[in-house]
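Participant: pasting the structure only:
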Ligand SMILES: [Zn+2]
């Protein structure tokens, strides 16, 4: 299946603490913090937060965390912020959008603020964003809590004040009070979402570790096979547990939500949008996404790129390592489903590989930018790669698949990427983040071979992957034929490979995904400001999409764009376009070794 949206939570080990390289360490005694989060059943537009702090200096700063991959900027929605102390009100000065300076007398204070939730514009809601409804909602995390700058090792308690009859699930530590939870650091506090409301819940244990699946339904939910969904999830937990040899958390919660899209992994929970209307049609339709997010519990949350460190209100640096964190996660999301006898998107591994190579070959970005550069662009500004679009997921998965062949060949089938992933978990599950060089070194340790040239060519540079060379290692060959893209009725499909986005100044910008598209060949470039299309002024992405959807083969579209040099009109003749077809077949004469390696690989990587 296609991942709707996959964003990734910052890496955070549940038991270890992190040193803060960015912020000045709080030099007083450790502050002690108690939050009270209050939800009123009659008001679903906002919730109240009370932050009781002790052991603080007369002047301190509070801030809201910026997530490295999605930053929903809920500081915009802070209202009625005030500070109380024993001797009266404290003083608040806003120093930056997400940063406030607090001046008090004495060493304790109570901060009060309200989060006024944004009104939803789209029919579907992002599954990780805070929301409230008459039957439940999601709170906690970077959308709810301020923290004391420089004191990210401060432990805190969170007490919930929620409507009668609502339940709570969160990955935070339980306390004797069922509505109070504990977080040993700001990193854990911010990482753990809190789901509240009326929802269905199932539980199972794998290797003695408790797991909970919850499903929050919309009032008009559609019925689906709940038993099958939960038993499939249990199978994938068991498979992943066996893969790594153990489960790295105390307990785990799958927070599945109706009426939502996208997913976000956390250190011992995940939020996933899983519409009941889809589940009623195909109960396995979201297993790919669920497996992907669950695998991130290891590969990203624990094995994390070096750029991901402690929480901060400052936007963290982009990461060069996401080709591994996303690419190998999607590689294992496919493989673990096959091993668990759960349906995967493509029937066979060969078909899956054909699809990957087809998509890779369609996209010229991979011949222009290294895997590290495309990793940076994954969460970089829109249009960062100019007239090229790319996917770090796809590029990373292909690189992982080729490296798997290399390792199998070098070790005569004794080792594979599985051993590399487990070794990465052994070496990098603590505070230490990895670089691409570390992965290169880990593979070297596993296969006893040098993959330096491979990394040089594809990870640090941007050579075309020599598929022939790597497929041959397992006795396979590939034919690629470029063909016109046709509709089901056999008609040419118009080239609509163009998009638009609104920048921070509300300019509607044009995006070219491939310089060889008819839009790129006409002379348009990513970043051009769209003024009109065919004489009609356009200033919303929605309107642009609507106009483009109606374009037919042979049409001439006049796009008026603004550039630093002035406004120009560019005529685009709409043509069709080509995509490759990829066929992978066995080589006619293979050695015994190639035959054995193929047998292992096709057997889902197991002997
Ligand atoms: Zn992901």
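Facilitator: Received it, and whenever you're ready, just let me know what you need. Every value quoted in this text rests on a predicted model; they were computed, and no experiment measured them. Numbers count the residues shown, from 1 in each chain.

Participant: residue 302 contacts residue 248, correct?
Facilitator: Yes. Contact criterion CB atoms under 8 Å: residue 302 and residue 248 qualify, at 6.2 Å. Every residue, glycine included, has its C-beta placed from N, CA and C.

Participant: please enumerate the shared neighbours of these two.
Facilitator: residue 429 (CB atoms under 8 Å, 6 or more residues apart in numbering).

Participant: count of neighbours near the residue in the stretch 451-600 of the chain that the ion sits nearest to?
Facilitator: When distances are taken as CB to the ion, the stretch 451-600 of the chain reaches nearest to the ion at residue 459, 18.6 Å away. Using other CB atoms under 10 Å, residue 459 has 26 other residues around it.

Participant: check the secondary structure at it for me.
Facilitator: helix (DSSP: H, G, I helix; E, B strand; the rest coil).

Participant: what's near enough to touch it?
Facilitator: With contact taken as CB under 8 Å, 6+ apart, residue 459 is in contact with 323, 370-372, 399, 436, 440.

Participant: just among those, which is most surrounded?
Facilitator: residue 323 (31 neighbours).

Participant: what helix or strand is it on?
Facilitator: Using DSSP states H and E, residue 323 falls within helix 322-339.

Participant: contacting residues around the following helix or strand past that helix?
Facilitator: Beyond helix 322-339 in the direction of the C-terminus, DSSP H and E gives the next helix or strand as helix 349-362. Applying CB under 8 Å, 6+ apart, the contact partners of helix 349-362 are 334, 338, 344-346, 366, 391, 394-395, 397-398, 401, 465, 467, 476, 478, 480, 579-584, 601-602, 604.

Participant: now the residues you listed: which count as buried?
Facilitator: Burial by neighbour count, judged by 16 or more other CB atoms under 10 Å, picks out 334, 338, 344, 366, 391, 394-395, 397-398, 401, 465, 467, 476, 478, 580, 582, 584, 601, 604 from these.

Participant: quick revisit: where's the residue of the stretch 451-600 of the chain closest to the ion relative to residue 374, distance?
Facilitator: The spacing between residue 459 and residue 374, counted by CB to CB, to the nearest Å, is 10 Å.

Participant: what do these two both touch?
Facilitator: Residues touching both residue 459 and residue 374 by CB under 8 Å, 6+ apart: residue 323.

Participant: quick one: the residue lying farthest from the centre of the chain from the ion, how far?
Facilitator: Using CA atoms, centre = their mean, the residue of the chain lying farthest from its centre is residue 87. It sits 45.8 Å away. Applying CB to the ion, to the nearest Å, the value for residue 87 to the ion is 49 Å.

Participant: so that residue sits right up against residue 106, yeah?
Facilitator: Yes. At 6.3 Å, residue 87 and residue 106 qualify as touching, with contact defined as CB under 8 Å.

Participant: still on that earlier bit, and residue 302 and residue 248? Which one has more around it.
Facilitator: Higher neighbour count among residue 302 and residue 248: residue 302, with 22 against 19, using other CB under 10 Å.

Participant: grab the nearest non-local neighbour of the more buried one.
Facilitator: Nearest non-adjacent residue to residue 302, counting by CB to CB, 6 or more residues apart in numbering: residue 429, 4.3 Å away.

Participant: quick check: phi and psi at residue 387.
Facilitator: phi -80, psi 20 (degrees, to the nearest 10).

Participant: would you mark the buried spots in the helix or strand residue 437 falls within?
Facilitator: Assessed by DSSP H and E, residue 437 sits inside helix 436-447. Residues of helix 436-447 classed as buried: 436, 438-444, 446-447 (neighbour count, 16+ other CB under 10 Å).

Participant: mind pulling the model confidence for the closest residue to the ion within the stretch 251-400 of the chain?
Facilitator: Closest residue of the stretch 251-400 of the chain to the ion, CB to the ion: residue 326 (4.8 Å). Per-residue pLDDT puts residue 326 at 97.

Participant: excluding chain neighbours, give the residue nearest to it in space.
Facilitator: residue 393 (4.6 Å).

Participant: next one: residue 423
Facilitator: Once flanking residues are discounted, residue 423 sits nearest to residue 442: 5.2 Å by CB to CB, 6+ apart.

Participant: would you confirm that that neighbour contacts residue 422?
Facilitator: No. Using CB under 8 Å, residue 442 is not in contact with residue 422; the gap is 9.9 Å.

Participant: still on that earlier bit, show me what the helix holding residue 437 packs onto, helices and strands only.
Facilitator: Counting contacts by 3 or more CB pairs under 8 Å, 6 or more residues apart in numbering; DSSP states H and E, helix 436-447 packs against helix 322-339, helix 392-410, helix 417-428.

Participant: OK, contacts around the closest residue to the ion within the stretch 401-550 of the chain?
Facilitator: The ion sits closest to residue 421 of the stretch 401-550 of the chain, with a gap of 14.9 Å, by CB to the ion. Contacts for residue 421 (CB under 8 Å, 6+ apart) come out as 243, 298-299, 303, 328, 332.

Participant: same list (the residues you listed) but as JSON lines, adding neighbour count and distance to the ion.
Facilitator: Output for the contacts of residue 421, formatted as JSON lines (neighbours: other CB atoms under 10 Å; distance: CB to the ion, whole Å):
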{"residue": "243", "neighbour count": "18", "distance to the ion": "17"}
{"residue": "298", "neighbour count": "22", "distance to the ion": "12"}
{"residue": "299", "neighbour count": "26", "distance to the ion": "9"}
{"residue": "303", "neighbour count": "27", "distance to the ion": "13"}
{"residue": "328", "neighbour count": "28", "distance to the ion": "10"}
{"residue": "332", "neighbour count": "27", "distance to the ion": "11"}
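
Participant: and stretch 597-606, what's its mean pLDDT?
Facilitator: Per-residue scores along stretch 597-606 average to 91.

Participant: endpoints of that stretch, how far apart?
Facilitator: End-to-end distance for stretch 597-606: 10 Å, by CA to CA, to the nearest Å.
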